[in-house]
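S.K.: all I have is the shape, not the residue letters:
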Ligand SMILES: Nc1ncnc2c1ncn2[C@@H]1O[C@H](COP(=O)(O)OP(=O)(O)OP(=O)(O)O)[C@@H](O)[C@H]1O
């Protein structure tokens, strides 16, 4: 894994037009190919951090420095809501970003086929969203992000609406893909267990104002399996994150 910073957020503040101070003096260094999670109380600015990295809004002060030249930056965003077009098939939903980028049809077809295989939905390519379970819809949403072959993946509570069993399966599948493709991942979640299982680092954010209050390295090698999830070490990490989170609420 490279330690070269892909993204550095330096003294970032974000004040929305209505005066809400969402972030204040937030510092965060994200090395290339790291999987980091942001956890924190509702309203502490987690989504704001993702949006600023994605360029969907301007910082009020501070700056975001990129270790990757603009031409080589390929960002993809996955939201909690799969937000699929109900009238279009799985294949058409996944092809949408390629269509918008005017990728030639044959290339697009190949990329969609690959993305379908990655998320295990090849046999559902011609199904409609209404015919899929919640977990399958989220897989389509992930495939739609992966089809653009990103190197930075921004995920805003992608599994928040799923049941525990589906969430746990998608966590494992996501880690398998990450180990293969080495994306830089910034993952927002309310779920401490998910954050510890997935991440190289868990960043705990405080509220009022939003900032990073703890940066906890999860020093456990990948692949991480069921054994890790049931280990004493895993529980210790979860407790540590929970304690930091509780302190932010005091
Ligand atoms: N467009 C906006 N205009 C004004 N205030 C906003 C806007 N977007 C977010 N905020 C405010 O900024 C703060 C941070 O919001 P943000 O959505 O980043 O938090 P969050 O940690 O992702 O919350 P949650 O966990 O509930 O999704 C909140 O107080 C929110 O109300």
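M.R.: Looks like it arrived, so ask away. What you see is a predicted model; the values in this text were computed from it and never measured.
S.K.: how close does residue 122 sit to the ligand?
M.R.: Counting by CB to the nearest ligand atom, to the nearest Å, the gap from residue 122 to the ligand is 33 Å. Every residue, glycine included, has its C-beta placed from N, CA and C.
S.K.: I should have written residue 7 there, sorry.
M.R.: Residue 7 is 17 Å from the ligand, by CB to the nearest ligand atom.
S.K.: next one: residue 38
M.R.: The gap separating residue 38 from the ligand is 8 Å, by CB to the nearest ligand atom.
S.K.: following element in sequence after the strand or helix carrying that residue, please.
M.R.: Taking DSSP states H and E as the criterion, residue 38 maps to strand 35-40. Where DSSP H and E defines the elements, the next helix or strand beyond strand 35-40 is helix 46-54.
S.K.: now the strand holding residue 38 against helix 46-54, angle please.
M.R.: 140 degrees (axes from the mean of the first three to the mean of the last three CA atoms, to 10 degrees).
S.K.: list the contacts for the residue lying closest to residue 213 once chain neighbours are set aside?
M.R.: Closest residue in space to residue 213, ignoring its immediate chain neighbours: residue 206 at 4.2 Å, by CB to CB, 6 or more residues apart in numbering. Each residue near residue 206 by CB atoms under 8 Å, 6 or more residues apart in numbering is listed here: 40, 41, 44, 212, 213, 248.
S.K.: the strands in the protein, which residues?
M.R.: 5-15, 21-31, 35-40, 61-66, 75-78, 152-156, 184-188, 201-206, 211-217 (DSSP state E).
S.K.: ok, the spatially most central residue of the chain to the ligand distance?
M.R.: In the chain, the centroid-proximal residue (CA atoms, centre = their mean) is residue 155; its distance is 2.3 Å. Distance of residue 155 to the ligand, given as CB to the nearest ligand atom: 12 Å.
S.K.: going forward, begin numbering at 59 instead of 1
M.R.: With the count now opening at 59, the last piece we talked about shows up as residue 213.
S.K.: hmm, that residue is touching residue 136, no?
M.R.: Yes. Between residue 213 and residue 136 there is a contact under CB atoms under 8 Å: 4.6 Å.
S.K.: number of nearby residues for the closest residue to residue 298 other than its chain neighbours?
M.R.: Spatial nearest neighbour of residue 298, chain neighbours left out: residue 274 (6.1 Å); criterion: CB to CB, 6+ apart. By other CB atoms under 10 Å, 18 other residues sit near residue 274.
S.K.: just checking, residue 150 touches residue 142?
M.R.: No. Applying CB under 8 Å as the test, residue 150 and residue 142 come out as separate, 9.6 Å apart.
S.K.: ok, the residue nearest to residue 298 touching residue 253?
M.R.: No. Residue 274 sits out of contact with residue 253 when judged by CB under 8 Å, with a separation of 9.1 Å.
S.K.: hey, what's in contact with both of the two?
M.R.: Common neighbours of residue 274 and residue 253 (CB under 8 Å, 6+ apart) are 260, 299.
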